[in-house]
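1. Give me the fold of what follows.
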Amino acid sequence: MKKIFYCILISSVFFTSCKKFLEKTPKDFLSPENYYKTKPEIDAALTGVYDMLGKSGTYGRYLFFEMDQADDSYVGLSSWTQDIALYNAGPSDAKLALTWSNLYEGINRANVLLERVDQSSIKDSEKKVAKGEALFLRAYFYFLLTVNWGDVPLRLTSTKSTADVNMKRTPYKQVYAQIVSDMEAAADMVNPITNYTYGSRVTQSLVWGILARVNLKMAGAPLKDKSRWAEARKWADKVIKTNIHSLNNDYSDVFIKLCSDKYDIKEVIWEIEFNRLNGTQNEEGSLGSINGIGTSSTTIGYSYGAKKTTEAYYKSFGTGDLRRDWTINDYTYAATAPFARVPILATASLYTRSDAKFRREYEANSTKFNGTTTINFPVLRYADVLLMFAEAENEVNGPTTAAYDAVNLVRRRAYGVALGKATNAQADLTPGLDAIDFRVAVRKERSLELGYEALRRFDLVRWGDFLSAMKNAANEISTKAGTNSYGSRSGDNASSRDTVFAIPSREISLNHDAVQNNGF
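-> From the prediction side, this is the model:
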């Protein structure tokens, strides 16, 4: 059973009636002043903050599909001519508006909880944990905002009035200072991951791991604060030194568990939950439905298979790398029952293959919806922590033994050393690399290990490689993909402005102090 929290909706009631009626004191009226008192009420409020992570505008779809369009894939929907994934959408795009509003709604819910939790009757230890989780989530929502929009308004108190809309965009550096401050405070307040048997809660391991990611971003473009490499190394190392986390011996099993309602907190440190309640879809996740291995079978689970791979990405995997045929499908499904697996011929075009990490055939529910799935999204895996440590260690101290050890742990799993499919010598990174070559190697390893997990565009932008990578992919697709050459549109359209997205027009029209990003 998934441990997802179910949100209690609280709304204000406005009365317009006679004076005598208004003199009555309502006994069942819910407002911030008479709510946030008991443990169930605090839990419900905290649930509301978490809830924003599972919307279509966040990890339900846009963050891993449209907003992570990079050089390792293309949108396999020829009918699409304009979209944020094609880098030709402007401020009026509805998807951008939804993601923006989802993130700020999460921030506001966190702010309300932080302002009200001390008035509750719950234990001080419980208040501390609730505050820590809310602080981290607020900071994480701001992290997603800055990654995708740059300078954004920084709101640290809840909205008190519908007229409270005018606020200037806060400089990028100031927002990041707040993110780091909130996350570092949260790290000392939340529980260790061993307090739970599931991976959807904010825990110390998670906060430390995301602090490593935040500091990597600060060390890269556009801030380029080189002092942050040491901070990234520090936080990743704290996760490693817990001795709680380890890699699953089988790469494919990581994703099978995410599909089939099973937890593996040693490997998957944070996952966003999607579930079904009373026979209906409770959250609108589309992982494995918009992407995945395409099929019209409702038995397997309908999938558009709409995120296609590129030849360059497929061929970047080394001989014997077991990740390739899990990340990119080597089979399709027959068109009729029993919808058996059909191996893809070696001569078939690589451009027909898909982002296939999340496969609905392993989805736990016997009845599967066409548009949504119950597959969980992995925001932070231990493999990512190891690679972040290796990247930061190299920038601080060069390609040390510790940096090599971290990368080689990931590579040995990739080549199946524990499964008897390779030896350490066959799997390990070339020894004796200098710092520059090691940097290239660890960046490639991130691409191979973390493909299609909403991190590729993030990495390319912070490395300063986004535009060149998109143009190279466009050139490859247009010259090699044949009937799928329409897939070059994202790279063809991409320009220097597209390291961030357009500020939604609704924000510009309501917030008179807002300023649009350059180029939109």
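
2. Low-confidence bits of the protein, can you list those?
-> Where the chain drops to pLDDT under 70, the residues are 1-33, 276-284.

3. at 50 instead, please
-> 1, 4-30, 278-279, 281 (pLDDT under 50).

4. center of it - which residue?
-> Centre of the chain computed as the mean C-alpha position; nearest residue by Cα atoms, centre = their mean is Val379, 4.7 Å away.

5. that's a strand at that residue, yeah?
-> Yes: assigned with DSSP: H, G, I helix; E, B strand; the rest coil, Val379 falls within a strand.

6. Give the bridge partners for the residue nearest to it when sequence neighbours are not counted, please.
-> Leaving aside its chain neighbours, Val379 sits nearest to Trp270 (4.5 Å; criterion: Cβ to Cβ, 6 or more residues apart in numbering). Heads up, the C-betas are built off the backbone N, CA and C, glycines and all. Counting by DSSP bridges, Trp270 forms beta bridges with Leu380.

7. Run a quick neighbour tally on Trp270.
-> 24 (other Cβ atoms under 10 Å).

8. how close does it get to Thr194?
-> Using Cβ to Cβ, to the nearest Å, one obtains 14 Å as the distance from Trp270 to Thr194.

9. Sketch out the strands for the chain, chain order is fine.
-> Applying DSSP state E to the chain gives strands spanning 73-75, 268-272, 276-277, 280-281, 307-309, 331-333, 341-343, 377-381.

10. for the fifth one, packing partners?
-> The reference is to strand 307-309. strand 73-75 (3 or more Cβ pairs under 8 Å, 6 or more residues apart in numbering; DSSP states H and E).

11. which strands and helices sit next to the strand it packs on?
-> strand 307-309, helix 489-493.

12. what do you get if the cut-off is 10 Å, keeping everything else the same?
-> strand 307-309, helix 466-480, helix 489-493 (3 or more Cβ pairs under 10 Å, 6 or more residues apart in numbering; DSSP states H and E).

13. thought Leu211 was touching Arg233?
-> No: if you go by Cβ atoms under 10 Å, Leu211 and Arg233 don't touch, sitting 11.0 Å apart.

14. just to revisit the earlier point, tabulate the helices and strands packed on strand 73-75 in CSV, adding columns for mean neighbour count.
-> CSV is the format used below for the helices and strands packed on strand 73-75 (neighbours: other Cβ atoms under 10 Å):
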stretch, mean neighbour count
strand 307-309, 24
helix 466-480, 18
helix 489-493, 22
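
15. closest to Leu135 out of those?
-> helix 466-480 (30.6 Å; Cβ to Cβ).

16. what's the offset of the closest one from the middle of its chain?
-> On the basis of Cα atoms, centre = their mean, to the nearest Å, helix 466-480 sits 24 Å off its chain's mean C-alpha point.

17. got it, and stretch 75-88?
-> On Cα atoms, centre = their mean, the centre of stretch 75-88 falls 21 Å from the chain's centre.

18. Just the buried positions in it, please.
-> Val75, Gly76, Leu77, Asp83, Ile84, Ala85, Leu86, Tyr87, Asn88 (16 or more other Cβ atoms under 10 Å).

19. Greatest separation within these: which pair is it?
-> Gly76 and Asn88 (17.1 Å).

20. Could I get the buried residues of stretch 75-88 in CSV, plus columns for distance to Thr242?
-> Below are those laid out as CSV (distance: Cβ to Cβ, whole Å):
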residue, distance to Thr242
Val75, 39
Gly76, 40
Leu77, 43
Asp83, 41
Ile84, 38
Ala85, 37
Leu86, 42
Tyr87, 40
Asn88, 45
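
21. hang on, Ala340 packs against Tyr331?
-> Yes: look at Ala340 against Tyr331 with Cβ under 10 Å: they come within range, at 9.2 Å.

22. So these two - more neighbours on which side?
-> More neighbours surround Tyr331 than the other of Ala340 and Tyr331, with 13 against 10 (other Cβ under 10 Å).

23. Without its sequence neighbours, what residue ends up closest to the more buried one?
-> Arg341 (4.4 Å).

24. Now for that neighbour: which residues touch it?
-> Ile293, Ile300, Asn329, Asp330, Tyr331, Thr332, Tyr333, Ala334, Glu361 (Cβ atoms under 10 Å, 6 or more residues apart in numbering).

25. May I ask which of those has the most neighbours?
-> Ile293 leads the contacts of Arg341 on contacts (other Cβ under 10 Å) with 25 neighbours.

26. got the contact list for that one?
-> 300-301, 303, 305, 328-333, 341, 353-361.

27. returning to what we had before: can I get the strands of the chain in a markdown table including distance to Asn517?
-> Output for the strands of the chain, formatted as a markdown table (distance: least, Cβ to Cβ, whole Å):
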| stretch | distance to Asn517 |
| --- | --- |
| strand 73-75 | 22 |
| strand 268-272 | 27 |
| strand 276-277 | 39 |
| strand 280-281 | 34 |
| strand 307-309 | 26 |
| strand 331-333 | 40 |
| strand 341-343 | 45 |
| strand 377-381 | 25 |
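
28. for those strands, which one sits closest to Asp492?
-> The nearest among the strands of the chain, by Cβ to Cβ, is strand 73-75 at 10.7 Å.

29. partners of that closest one in the sheet?
-> Short version: by DSSP bridges, strand 73-75 pairs with strand 307-309 (antiparallel).

30. can you list contacts of the strand it pairs with?
-> For strand 307-309, using Cβ under 10 Å, 6+ apart, the contacting residues are 64-66, 68-69, 72-77, 85, 290-292, 294, 324, 327-329, 349-356, 451-452, 477, 481, 484, 487.
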